[in-house]
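Asks: 3D, please:
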Amino acid sequence: MLAPTRPLDARAAAHTHAHTRTPAPRRFGAAYGCSGRLHARAFNLMTKYFCGHDAVCNDVCSPAALAKARQVLADEYQLVGLVDQLDDTLRLLERAAPAWFGGLHASYTIMKARGHEKMRQGKAPSTPPLQPRTERILRLWNAQDHALFKDVKAKFERARACLA
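Replies: Model prediction:
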């Protein structure tokens, strides 16, 4: 037998509503990344990629995840490249695997020259520099990736020294 329903009084309605609504947003800089962990999965993606699927990698903000990513980078990757150093990255690829990448740098140089002609004609849009506050927040949110990138850059620099 069903119990008769009764209308909710104002306090019960307010109590029910308070538990079903979304929480108020936190301050912009403190609610995300490793500092606030609210949306930590959206950040430190490079650390997550190199760390893999071990249990320690579930929390990309942990020192263990960073250590695992560093270990994988050192042990499993013979060569790393940097987009902002694309010319040297392509030269390194040619030297490391000439059967696959032979002539890559020359092809890129031709494409780049053609692209620059088109960019001058069309006046490609420029990206404005980051505001200092934005850069600080991104570094905070992606602290693990920032630390890992230092290792990537050092590995790249060691490989680039072999080009000379």
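Asks: low-scoring stretches of this protein, by residue?
Replies: By pLDDT under 70, the weakly predicted segments of the chain are 1-41, 116-125.
Asks: which stretches of it form helices?
Replies: Counting by DSSP state H, one finds helices in the chain at the ranges 10-20, 33-36, 45-51, 63-76, 86-96, 98-101, 104-122, 132-141, 143-161.
Asks: Residues in contact with the third one: which ones?
Replies: Residues outside helix 45-51 that contact it (CB atoms under 8 Å, 6 or more residues apart in numbering): 41, 57, 60, 65-66, 68-70, 72-73, 144-145, 148-149. C-beta: built from backbone N, CA, C; applies to glycine.
Asks: let's see it at 7 Å
Replies: Cys57, Val60, Ala65, Leu66, Lys68, Ala69, Val72, Leu73, Gln144, Asp145, Leu148, Phe149 (CB atoms under 7 Å, 6 or more residues apart in numbering).
Asks: Can you name the residues that contact His53?
Replies: When contacts are counted by CB under 7 Å, 6+ apart, His53 touches no other residue.
Asks: now Arg91
Replies: Contact partners of Arg91, counting by CB under 7 Å, 6+ apart, are His105, Leu163.
Asks: same deal with Leu66?
Replies: Contacts for Leu66 were tallied using CB under 7 Å, 6+ apart; they are Thr47, Gln144, Ala147, Leu148.
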